[in-house]
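*Asks:* next come a sequence and a model predicted from it.
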Amino acid sequence: MTKTAPNMKSSLFSLLGDLAKRRPYISFAAVRSALGDSPLVDKPARLREYLSEAMEKRVIYGAGRGWYSSLEKTAILDSEATAPLRSALGKRFPFLPHYVWSTQQVNPWMHHLLGKFVQFVFVESGGEDDVAPFLRNEGWSVVVNPTIRSATEFTPSPRTVVIRGIRRKFNSAAEPRIETVLVDLMLENARLRLMDDGERREMTRKLVTSHRVEMASLLARLGKHHRKLEDLIGAETKPIIGEK
């Protein structure tokens, strides 16, 4: 006997609640797989309609296109640490695409709190030639595009700034997204040894399992750098996203 629409919806909501108890992030593919022989499997439009209703009723929460989460609180970066640098750059270069973040912003999720911080300015390629001398004149200790070999050329301090010229397109009005910072930090830590990488992975795991991130955006950012979630948080990802 075919289930009626109300029964299908009720069964789906119950299933979502069960999936949410097992892991903080659930993909659309995982939902379809868990539905088994439910008629909803062959009705993706209706399934998405019910999933939208589930989000409205806070059964689950949105985590980007094709992803859902059991976590209600979203991860938010404290912008106070970067306010002076952002203000200085915004006034001097209002039309130059750039974004700013600091290692201090991940301290709330660190097991061992960082005592020394580094701020990063990611700027449209070529813009570093203008930004670097300006910041030096403003009293900042600036290093431009440091490599693994030049990582010892700077000492973390409240006035230390690393500038990266990047070629990829980005929306400076929307950055830095926390997903961007987590991937940037992974890449920068490999180059500059800002912290123990095991602690970085532990911090990232704690962050994404206690506060909701846009899993779709996070995976997309990783993919652009040919990396996987395992590179970001460690080998065991099943408790976080299960199996797609």
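*Replies:* Good, I have the coordinates.
*Asks:* tally up the residues packed near residue 25, please.
*Replies:* A total of 28 residues lie near residue 25 under the criterion other Cβ atoms under 10 Å. In short, each C-beta sits where N, CA and C put it, glycine included.
*Asks:* what do you get for residue 160?
*Replies:* 19.
*Asks:* report the beta-bridge partners for it.
*Replies:* Beta bridges link residue 160 to residue 141 when assigned by DSSP bridges.
*Asks:* ok, residue 165 next?
*Replies:* Assessed by DSSP bridges, residue 165 has beta-bridge partners residue 123.
*Asks:* on the three-state scheme, residue 112 is what?
*Replies:* Judged by DSSP: H, G, I helix; E, B strand; the rest coil, the three-state class of residue 112 is coil.
*Asks:* so it makes contact with residue 199?
*Replies:* Yes. Using Cβ atoms under 8 Å, residue 112 is in contact with residue 199, at 6.3 Å.
*Asks:* more neighbours, these two?
*Replies:* Between residue 112 and residue 199, residue 199 has the larger neighbour count (other Cβ under 10 Å), namely 14 against 11.
*Asks:* just the buried residues of the helix or strand where the more buried one lies, please?
*Replies:* According to DSSP states H and E, residue 199 maps onto helix 197-210. Under the neighbour-count criterion of 16 or more other Cβ atoms under 10 Å, helix 197-210 has 200, 201, 202, 203, 204, 205, 206, 207, 208, 209 buried.
*Asks:* any idea how far residue 110 is from residue 48?
*Replies:* According to Cβ to Cβ, to the nearest Å, residue 110 stands 38 Å off from residue 48.
*Asks:* got the CA positions of the helix holding residue 199 in PDB?
*Replies:* Output of helix 197-210 as PDB, limited to C-alpha atoms (Å, rounded to 0.1, in the frame of the first residue of the first chain):
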ATOM      1  CA  ASP A 197      49.000  20.500  12.700                       C
ATOM      2  CA  GLY A 198      47.400  17.900  15.000                       C
ATOM      3  CA  GLU A 199      46.000  20.700  17.100                       C
ATOM      4  CA  ARG A 200      44.800  22.500  14.000                       C
ATOM      5  CA  ARG A 201      42.900  19.400  12.900                       C
ATOM      6  CA  GLU A 202      41.500  19.000  16.400                       C
ATOM      7  CA  MET A 203      40.400  22.600  16.500                       C
ATOM      8  CA  THR A 204      38.700  22.300  13.100                       C
ATOM      9  CA  ARG A 205      36.900  19.100  14.200                       C
ATOM     10  CA  LYS A 206      35.700  20.800  17.400                       C
ATOM     11  CA  LEU A 207      34.500  23.800  15.500                       C
ATOM     12  CA  VAL A 208      32.500  22.000  12.800                       C
ATOM     13  CA  THR A 209      31.000  19.600  15.300                       C
ATOM     14  CA  SER A 210      29.900  22.300  17.800                       C
END
